[in-house]
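In: any chance you could fold what I've pasted below:
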Amino acid sequence: MNTTRRFARRLTHLALATALAATGLPLAWAGTVSGPLAQAVAKGKDIFAHDTFGGGRGMTCQSCHTAGGTTAGTTPSGAKIPSLSNAAAIFPRYAHGQLVTLEDQVRRCVAGALGGKPPAYDSQQMRDLVAYMTSLSQGKPINMGGKPQ
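Out: Here you go, the predicted structure:
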């Protein structure tokens, strides 16, 4: 790769990191992904922080999952919930008599807590959200069926 392309790539990464830092959400994955994957993570992070999914409650994922999902949060009813720091590492899991994927859980949260219209399983919105949540699990050991941290 020539010097100009390397400089342009670094400049793009810096611009992306600066834009994401402006959202106030953590950059746990910064520097570990690039290109289209970094763009998907950034879009997912934006969806997580700002999208109400048409919900009448006007809430976003970050309304309950504080600090971009990196710290424990609280549901609208006041129940404590764990962080999402290992969410991608513990799914799929078996719960309530059925196999549950990370996408299933996203849809349940959007429909239940947010009162919104869940993203379709095969939608770009779902893929971006899953990319963001997976970035939070970067470096965590796979522990399917494990406990949230």
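In: any low-confidence regions in the protein?
Out: By pLDDT under 70, the weakly predicted segments of the chain are 1-32.
In: skipping its backbone neighbours, what lies nearest the spatially most central residue of it in space?
Out: By Cα atoms, centre = their mean, the chain has its centre lying nearest to Met133, at 2.9 Å. Spatial nearest neighbour of Met133, excluding adjacent residues (Cβ to Cβ, 6 or more residues apart in numbering): Ala87 at 5.2 Å. Every C-beta, even on glycine, is put in place using the N, C-alpha and C of the backbone.
In: got the contact list for the one you found?
Out: Applying Cβ atoms under 8 Å, 6 or more residues apart in numbering to Ala87 gives the contacts 69, 102, 105, 133, 136-137, 148.
In: how about Ala87, phi and psi?
Out: phi -50, psi -50 (degrees, to the nearest 10).
In: an error on my part: the question was meant for Ala67.
Out: Phi and psi for Ala67, reported as degrees, to the nearest 10, are phi 50, psi 40.
In: how about the helices in this protein?
Out: With DSSP state H applied, the chain shows helices at 3-21, 35-50, 61-64, 87-90, 102-112, 124-136, listed in chain order.
In: now distance to Thr74 too, for these, in CSV please.
Out: Converted to CSV, the helices of the chain look like this (distance: least, Cβ to Cβ, whole Å):
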stretch, distance to Thr74
helix 3-21, 24
helix 35-50, 16
helix 61-64, 6
helix 87-90, 17
helix 102-112, 13
helix 124-136, 18
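In: and of these, who's closest to Ala79?
Out: For Ala79, the closest of the helices of the chain is helix 61-64, at 9.3 Å, according to Cβ to Cβ.
In: and the gap between the residue nearest to Met133 and Ala67?
Out: From Ala87 across to Ala67, the span is 14 Å (Cβ to Cβ, to the nearest Å).
In: likewise for His96?
Out: His96 is 28 Å from Ala67, where distance means Cβ to Cβ.
In: same check on Gly73?
Out: Distance, Gly73 to Ala67, using Cβ to Cβ: 8 Å.
In: need the overlap of contacts for those two.
Out: Residues touching both Gly73 and Ala67 (Cβ under 8 Å, 6+ apart): none.
In: alright, calling it a day.
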